[in-house]
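[1] sharing a sequence plus its predicted fold:
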Amino acid sequence: MRFTDKVQFYESNDHYDSDNPDGDPTPVGEPVIANVTHLGVNRSMQLFGNLNTDRLVVRLIQPFDEDWGMLRVNNNETYYSLETGVYPLKIDGYIVGETQNE
């Protein structure tokens, strides 16, 4: 498994903040190295019962312990929010789905 992607976590902007009136997402911590893959159609049906093709599986070498609401992969414009997490002994994993940055 290759960890070739950079993931930046952000605070959720689900409420008005007078210090950030534009509602721009605020980065949390530094970007981390991750392995990012698309969640397959069959697995999406097994886990969620629908065919949302905008889901990713994000695997981290080191746990990310700070609070976060959204993430971006490789500085892409698309934001993703957590749908479910997997926490085995070695590598933390998240299944994230595309979200609107409002």
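    All right, it came through fine.

[2] can you give me the helices in this protein?
    Ranges of helices in the chain, per DSSP state H, are 41-48.

[3] just give me the longest strand of it.
    Criterion DSSP state E: the longest strand present in the chain is strand 27-38.

[4] average pLDDT for it?
    For strand 27-38, mean pLDDT rounds to 93.

[5] tell me which helix or strand of this protein sits lowest on mean pLDDT?
    Within the chain, no helix or strand scores below helix 41-48, which has a mean of 61 by mean pLDDT, DSSP states H and E.

[6] picking that back up, now the longest strand of the chain: buried residues?
    For strand 27-38, a neighbour-count test (16 or more other C-beta atoms under 10 Å) marks V28, P31, V32, A34, N35, V36 as buried. To be clear about C-beta, it is placed using only N, CA and C from the backbone, and glycine gets the same treatment.

[7] go on, stretch 91-102?
    Buried, per 16+ other C-beta under 10 Å, within stretch 91-102: I91, D92, Y94, I95, V96, G97, T99.

[8] quick check, the second one in contact with V57.
    Right, the one you point to is D92. No - look at D92 against V57 with C-beta atoms under 8 Å: they stay out of range, at 11.3 Å.

[9] shared neighbours, the two?
    Common contacts of D92 and V57 (C-beta atoms under 8 Å, 6 or more residues apart in numbering): none found.

[10] centre-most residue in this protein?
    L71 (4.1 Å; C-alpha atoms, centre = their mean).
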